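Visitor: fold the stuff below for me.
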Amino acid sequence: MIIYQASKTEFLQHALREDIEDILLRHVRHAGAKGGGPGEVRSWKNSLFEMAKVLQDEEIPDDAGVAIEYQLPSSSLRIDFMITGEDAKGQPKVVIVELKQWSSSRYSGKDGVIWARRGGHTGEVEGPHPSYQAWSYAARLEDLNAAVHEGGMRLQPCAYLHNHPSDGEIDHPHYKTHIERAPLFLKNDKEKLSRFISAHVRRGDRLKALYAIENGRIQPSKSLIDHVASLMQGKHEFILIDDQKVVYETILQVETRTEEKKQVLIVQGGPGTGKSVLAINLLAELINRQRNARYVSKNSAPRAVFQAKLTGTFTKTRIGNLFSGSGSFTKDEENTYDVLIVDEAHRLNEKSGIFRNQGENQILEIIRSSRCTVFFTDDDQRVTVFDIGHTDELKRHATALGAEITELELTSQFRCNGSEGYLAWLDNTLEIRPTANPTLDQAEYDFRVFDDPAEMHALIEQKNRANNRSRVVAGYCWPWPSKRNPDAWDIQLPEFDYRRRWNLSEDGSLWIVKPGTVEQVGCIHTCQGLELDYVGVIIGDDLVYRNGQIVTDAAQRASSDQSIRGLKKMMREDPLRAQALADLIVKNTYRTLMTRGMKGCYVYCTDKPLAEYFRSKVRALLEPENANEQPAELGNLVPLRLITDEERKRGVAAVPLIDIRIAAGTFSDVQTLESSAEQWFELPDWINPQPGLFIAQVIGESMSRRIPNGSWCLFRANPGGTRQGKVVIAQHRSIDDPETGGRYTIKVYSSEKIAAEDGSWRHERIVLRPDSMQAGYEPIVIEQGPEDESFSIMAEMLIVLEKES
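Guide: The predicted model follows:
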């Protein structure tokens, strides 16, 4: 729908000699469209007057078409301004202009996102950069309007911020790609924009293009269909298995009945049953069938991650138009879409918008907007007081809208090492529901309890070096000071020298897949619906163990946590219901966090009795009677390749092989270290060459849980930063390690510190702990005085490269 369309001559008459804003308002009301509030009317008056000055250029033909407020296909979004005509070759051409009245903005560090004061908000909020916004609107129009992609129309997007100076923020180099696709015109750029338009629209078309766009069929373009199909090819993580395939075919069969009756499908599935994999496959197939389909989720993280996995890039791409937030349907007409695929439907809210004051009910709006709606849900993953998407509520709204309901279930487990027993054990252990799984066998799933969060995080970082699929997450019990001060630390446990930041700022939704983000800590909002190989979970004071029972305390959550907003009021009005809801939210949060790992979950508890309780529920991997067995093969090992002298001379990246039994005293000198090399080996391509790297063989069983006897490992000499929880080579006069053969050892480092009067810290006690699958190995304790220089950390282990066969 186009709210206003006219020739350039008519538009100039309305904008310069009449009140264009009043004309537009009449058109809005006549069309029965939403909008036309005081703020929007002011925006029309100011921005359209500026566009009139741009179009006064005589090079722009008088009979060029002008459209204002065109509602995009299957969307409540509108293109601000379009100029149509023909280019120099006689081809239909449309210039799309995104108009903003901003006078300032602020670079965000995120792709295609910028901070600015936007209409209806009192302060700055994050949102799309105007150039990205203009380009994405053009991509949506081209991909979905048959008149555009079948009629050979060429679209040229741009953005015009007539009050905004060039300040290095709105035109920051970070936005270069988006500005190249949709040029940015700022204050004092009126003439440039006029020349830009006249270069693309050489002749008028007497509104023919606008008529075609207005009446074009809503249908995916062949290029979009081919593009999505090509993205799915070769993506093994999106292959359907077992009951995923059965549910997939059933949904496609039900979708064909939408001509007879509105359809709602509710697919139940626990963590790791492949709900998201199925959702992405459905999206691709429905687009291939020329259906107007969208993937929908409440949280932005699944949308961002699946787009990145499909495209292989972290930047904004055209398929972003196939992904929507759950609050995008407040203004849509009935049956605007053919199919809406709602992932993580248990996270749907009643109200939409940043202040939860928009719309009526997200479930109602989604079902109403689509001929067929597919909800993927897990009733045990409700993690905020606002989550309403449980099965009964979905069925209630579907029935009210006269939909035919189909219920399906996914049961095959692909996460948690395929262990349904772990999930049942977790439910039993967290006292969510009693099951027949009171004890977990570590042979079934790698679950460990740590006394030191730094040690746990270090092990996750080590696991992550293999394939960037391991992360640490935490309950939301720590505030978020780094939001305002990027140098501030969020999660701080000073007794362990542990300081980390939340992932909620720069990397945001892509934290779980972006390289280098393993040092941050994730939360429920950026990992729900996603999976890892190994997950480390920091359990805060909102979950403790008292008098033989799991006890929750939602009041221990950080004040910035929106998930429990309104709980205090509920406590006063209905304490029993509020306590039950708080208990559910806290337990479900940790159940969700602790089921992100496909291969393992490591936990640290701020409550020591809770840690001991977890330990009591785990059966060790090796019992005393079989303690002499060899450890299981480690996954993700990197084979070594010997580098010849000729290859080294050609510059092939390589690291020296060192016999650490004789080289421990030479680690302080990189040149001496390299001169001690027995051989040189090729570096994995994901490791950047740097001074001090070396390979050495680790002999013995004292670290067999992490380093099997005889393994070849990559080390870094003279490591900087914190050593807490890391595997290190330590040297001291009191060490006499029979396995390494001298006064040095390879162990897990931890230290106890005391504060000085000037606020600094000093080590008082250092513990070098074994991590063995066999009994009998004791920690080495070093009492260190302030002037003790006889102890030193020689190197840090980075990863196990290859196990000795």
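
Visitor: show me what stretch 81-93 is in contact with.
Guide: Residues from elsewhere that reach stretch 81-93, judged by Cβ atoms under 8 Å, 6 or more residues apart in numbering: 8, 48, 51, 55, 60-61, 63-68, 70, 94-99, 151-154, 156, 197, 200-205, 207-210, 212. Using the backbone N, CA and C atoms, a C-beta is placed for each residue, glycine as well.

Visitor: does Glu365 really touch Gly325, like I thought?
Guide: No: if you go by Cβ atoms under 8 Å, Glu365 and Gly325 don't touch, sitting 11.8 Å apart.

Visitor: more neighbours: which of the two?
Guide: More crowded of Glu365 and Gly325, by other Cβ atoms under 10 Å: Glu365, with 21 against 14.

Visitor: contact partners for the more buried one?
Guide: 329-330, 332, 352, 359.

Visitor: tell me the contacts of the closest residue in space to Asp143 that isn't next to it in sequence?
Guide: Closest residue to Asp143 apart from its sequence neighbours, by Cβ to Cβ, 6 or more residues apart in numbering: Leu224 at 4.2 Å. Contacts for Leu224 (Cβ under 8 Å, 6+ apart) come out as 143-144, 287, 318.

Visitor: need these in TSV (columns: distance to Glu409).
Guide: Listed next are these as TSV, based on distance: Cβ to Cβ, whole Å:
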residue	distance to Glu409
Asp143	34
Leu144	33
Ile287	26
Arg318	34
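
Visitor: any chance of a markdown table for the residues you listed, columns pLDDT?
Guide: Shown next, in a markdown table, are the contacts of Leu224 (pLDDT from 0 to 100):
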| residue | pLDDT |
| --- | --- |
| Asp143 | 91 |
| Leu144 | 89 |
| Ile287 | 94 |
| Arg318 | 84 |
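
Visitor: so which of the residues you listed belong to helices?
Guide: Cross-referencing the contacts of Leu224 against helices under DSSP state H gives 143-144, 287.

Visitor: in PyMOL, select just the buried ones from these.
Guide: The buried subset of those, as determined by 16 or more other Cβ atoms under 10 Å, is captured in PyMOL by this line:
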select buried, resi 143+144+287
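
Visitor: nearest to Thr406 among the ones in helices among the contacts of Leu224?
Guide: Thr406 lies nearest to Ile287 out of these, by Cβ to Cβ, at 21.5 Å.

Visitor: my guess is the closest one meets Ser223, correct?
Guide: No: contact between Ile287 and Ser223 fails when scored by Cβ under 8 Å: they sit 11.4 Å apart.

Visitor: tell me the one among the ones in helices among the contacts of Leu224 nearest to Val800.
Guide: Checking those against Val800 by Cβ to Cβ gives Ile287 as the nearest, at 43.0 Å.

Visitor: quick one: that closest one and Thr250, what's the gap?
Guide: 19 Å (Cβ to Cβ, to the nearest Å).

Visitor: so what are the domain limits for the protein?
Guide: Using automatic domain parsing, the domain parsing of the chain gives 2-214, 222-410, 448-573+586-621, 645-802.

Visitor: give me phi/psi at Val544?
Guide: Here is the backbone geometry of Val544 (degrees, to the nearest 10): phi -140, psi 170.

Visitor: then Arg78?
Guide: phi -130, psi 140.

Visitor: Thr9 touches Pro61, doesn't it?
Guide: No: counting by Cβ under 8 Å, Thr9 stays clear of Pro61, with 9.6 Å between them.

Visitor: where does the stretch 351-500 of the chain dip in pLDDT?
Guide: Across the stretch 351-500 of the chain, residues meeting the criterion (pLDDT under 70) sit at 413-419.

Visitor: where along it do the helices fall?
Guide: Along the stretch 351-500 of the chain, the segments classed as helices by DSSP state H, counting those that start in this stretch run 362-369, 391-400, 420-429, 453-467.

Visitor: any idea how far the longest one is from the chain center?
Guide: Distance of helix 453-467 from the chain centroid (Cα atoms, centre = their mean, to the nearest Å) equals 19 Å.

Visitor: who are the packing partners of it?
Guide: strand 470-474, strand 498-500, strand 532-539, strand 597-605, strand 744-755, strand 792-802 (3 or more Cβ pairs under 8 Å, 6 or more residues apart in numbering; DSSP states H and E).

Visitor: thought Trp489 was touching Arg499?
Guide: Yes: with contact defined as Cβ under 8 Å, Trp489 and Arg499 form a contacting pair (4.2 Å).

Visitor: just to be sure, Asp111 is in a helix?
Guide: No: under DSSP: H, G, I helix; E, B strand; the rest coil, Asp111 falls outside any helix and is assigned coil.

Visitor: now do the contacts for it.
Guide: 174, 314-316.

Visitor: okay if I get those residues as a markdown table plus pLDDT, neighbour count and distance to Ser750?
Guide: Shown next, in a markdown table, are the contacts of Asp111 (pLDDT from 0 to 100; neighbours: other Cβ atoms under 10 Å; distance: Cβ to Cβ, whole Å):
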| residue | pLDDT | neighbour count | distance to Ser750 |
| --- | --- | --- | --- |
| His174 | 92 | 18 | 40 |
| Phe314 | 77 | 17 | 36 |
| Thr315 | 79 | 13 | 41 |
| Lys316 | 80 | 23 | 43 |
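
Visitor: closest to Gly600 among the residues you listed?
Guide: Distances from Gly600 to the contacts of Asp111, taken by Cβ to Cβ, are shortest for Phe314, at 26.3 Å.
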